[in-house]
Structures are given as C-alpha cells and as structure tokens.
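what's the 3D shape of this:
(one chain, ligands or ions: 1)
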Amino acid sequence: MKFKISQQLQNIIIEHIEHSENGIAVLDGDDVLIFCNPKFISMFGLQGHDLNNCNLDELLSWMYSQGVGIDIGDISLQEWLVQVHSQYRSAEFRSFELKLKDGRWLLMTEQVNSTGEVVLVGNDISNIKKIENELYAVQEELERQAWTDELTGLYNRRHFMYRLDGEYHRAMRHARPATLVILDLDFFKKINDQYGHHAGDEVLKNFSALLRANLRKEDVCGRLGGEEFVILLPDTTEEESLNILGRIRAALMQQDMDSIAPAFEYTFSAGVMALKQGKSCGLDAWMKMADQALYHAKKTGRNKDVLYADITEEGSS
Ligand SMILES: Nc1nc2c(ncn2[C@@H]2O[C@H](COP(=O)(O)OP(=O)(O)OP(=O)(O)O)[C@@H](O)[C@H]2O)c(=O)[nH]1
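Just a heads-up that it's a prediction; the model follows:
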C-alpha cells in the first residue's frame, strides 16, 4: 500500500523532524549540507558555525579544530578524513557507532537516496552503551576471577595448564626452547603452625610478588595449589632458567620479612625441566618430569634447584 502524502502529512513530518530527539541532516549529491534539525546541531556542537554551503569535509574539519563533536582518538585530521571517505556512501544504507567528545555515544544511520542525497540520522545511545560497558567490565572481572588464584593473584592451575599447552605446541612448532619450573616452599606447614595461617598466607603472597618482580613479561607464573607454584619460561634454556632461579633466590634472601616475625626467612625448592628443542615429550610428561626433579630437590635437602636432566643422568629419579 502507498500512502498519499498530503500537505497535512508533510507538515506533521516536518514538525516531527524539527522536534525530533534524533539528529537529522541531509547532504546533497556534492556532499553539501542542505538541511539539519536543531538536535543535529546540538548533538555535534555545531552552534556558532555558519552551516550555509558547508560541505562534509568542512563540517568535520571545523568540529576537529573546535574540539567538539566526534571523538577521533589519536589520529590526525587527514587520517580521519581518509577513514570517513573509505566508508561514506559505501552502501545504500549503513549504520555505525560514534563516540562524541563529551563522552556520549551515537548510533548513526546513513541512507543514500536514489537521487544521490545522503540522509544522516543520529540516535543518542549513551545509556545503552553505559550498560554495555558495565556488562563488559563484569564479564572481564568474571573471566579474571575464573583464571586467577584469589590469594596471590597469579594464574590458577587451570589457566596455567591452558597457557602451558599453548606454549608447548608453539615451542614444538618452532623448535624453540622452553623451560618449566615447579617450586614448592620448604617446611611451609611449620610456618603455619608457628606463626599462624594468616602469616602463612602473607608468605604465599610475598613469594608470588617476588616471582612476578623477577620474571619477564612473557614468562607465565601460576599457583598450582597450597604452597606449590609453577613458572613457564618461554625461549629459555636450562642454563638460563638456573640464572633466573638464582636471581629469585638472591632477591628472597635480601628481603625484609620482619612483618611476619623478627629475622623471619623462608626458602623454596625447585624442579626444572627444559624442553629439548623440537623434541616432543607430551604436556603431562613435561609436568611430571619437573615434578620429579622437585621431589628430588626436597628429598636431597631442600632450598635448591634440581634439573630433571641431572637426576636421570644419575639414574636416581
Ligand atoms: N596459610 C596457608 N596454608 C596453606 C594454604 N594451602 C595449603 N596450606 C598449608 O600448606 C602446608 C603444606 O604442608 P606440606 O605439604 O607438609 O609441605 P611442607 O610443610 O612445606 O613440607 P615440604 O614441602 O616437604 O618442605 C599444609 O599445612 C597446608 O595446610 C594456604 O592457602 N594458606
């Protein structure tokens, strides 16, 4: 069915456009602005600008120079105009979101008429965007909680194993070295028994911070549970990993633990298993071998690093 557009109906539509909560503008075939309603002017902060014979680029450049309207981030005006023209008139109808300098968000629609004019309509979606951002923040926090150990802030076992899996396959694919270290605090039960569970927790947090401070950004650090930690060192040989452990031990010796008790100190044992470049062993076996090296460190006096390669050579694993 086709409606007859009477004068009365035209008046109703024109009044609606004038008072609409949507910003509406029309550009002619040469992209010169031939109409915009009051809401469009206020939406983009165009008050005070002479809009007669103003084309799209002039309009955008003016907004940019006045610091009003669209927030284009860190790019230059030239780059922005190139971006705009790569999309503008690219379809008969398209919609996109725009962030404004004052923090509001718009959902824009761009319709190209059969006679070449472009009709732009902007709808303020700031409230929806706010809820969307809050939901994103909640989702991110839930994801963070799902893969983080609550006490120490390190990755939990599940997420660590996921990262280990990725690194294992990367190392195999590119025949790169990678080393896995399992660390366990020595006589931790005694710390709990002597100074209390809270002090034990403080020691766990202290050790986690110490690991983080002494590892590179690309290293992955997790808490397997209890007083057992794990480090994945990508692109790191056995020898390099021993240097890193030496650095961690030196930092541990130097720190002041008076908040637990005067002259308080603790130690850890570590089991080290380095992947031989390009030689596959399987993920579970990799963990198991590091664990066996750790067990050996515990059995032979604690407060030391043991390489799996050494215990197999000795035949004492
Ligand atoms: N404070 C605290 N203690 C924990 C936590 N998780 C596990 N533990 C305690 O850690 C202790 C681990 O004791 P063990 O497995 O005997 O190990 P250990 O005393 O460190 O002995 P070695 O590993 O052989 O040197 C147990 O007493 C656990 O209750 C925790 O989150 N916080």
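
and the residue of the stretch 201-317 of the chain found nearest the ligand, what is it in contact with?
Using CB to the nearest ligand atom, the single residue of the stretch 201-317 of the chain nearest to the ligand is Gly226, 3.5 Å away. Backbone N, C-alpha and C define where each C-beta goes, glycine included. Contacts for Gly226 (CB atoms under 8 Å, 6 or more residues apart in numbering) come out as Phe188.

any chance you could map the helices in the stretch 51-200 of the chain?
Per DSSP state H, counting those that start in this stretch, the stretch 51-200 of the chain carries helices over the ranges 56-66, 77-87, 126-147, 157-174, 188-195, 197-213.

Would you point out which residue is most central in the protein?
Glu140 (8.7 Å; CA atoms, centre = their mean).

Can you tell me how far that residue is from the ligand?
25 Å (CB to the nearest ligand atom, to the nearest Å).

Now do the same for that residue: its pLDDT.
On the pLDDT scale, Glu140 is placed at 95.

lowest average confidence, helix or strand, in this protein?
Lowest by mean pLDDT, DSSP states H and E among the helices and strands of the chain is helix 308-314, with a mean of 82.

Go through it and flag the buried ones.
Under the neighbour-count criterion of 16 or more other CB atoms under 10 Å, helix 308-314 has 308, 311 buried.

Chain neighbours aside, what residue packs nearest to the residue in the stretch 151-300 of the chain that the ligand sits nearest to?
Among all residues of the stretch 151-300 of the chain, Gly200 sits closest to the ligand, at 2.6 Å; criterion: CB to the nearest ligand atom. Among residues not flanking Gly200 along the chain, Asn192 sits closest, at 4.1 Å (CB to CB, 6 or more residues apart in numbering).

Residues contacting the helix or strand that contains Arg249, please?
Using DSSP states H and E, Arg249 falls within helix 238-254. Under the criterion CB under 8 Å, 6+ apart, residues 179, 181, 207, 210-211, 213-215, 233, 236, 265-268, 270, 272, 274, 305, 307, 309 lie in contact with helix 238-254.
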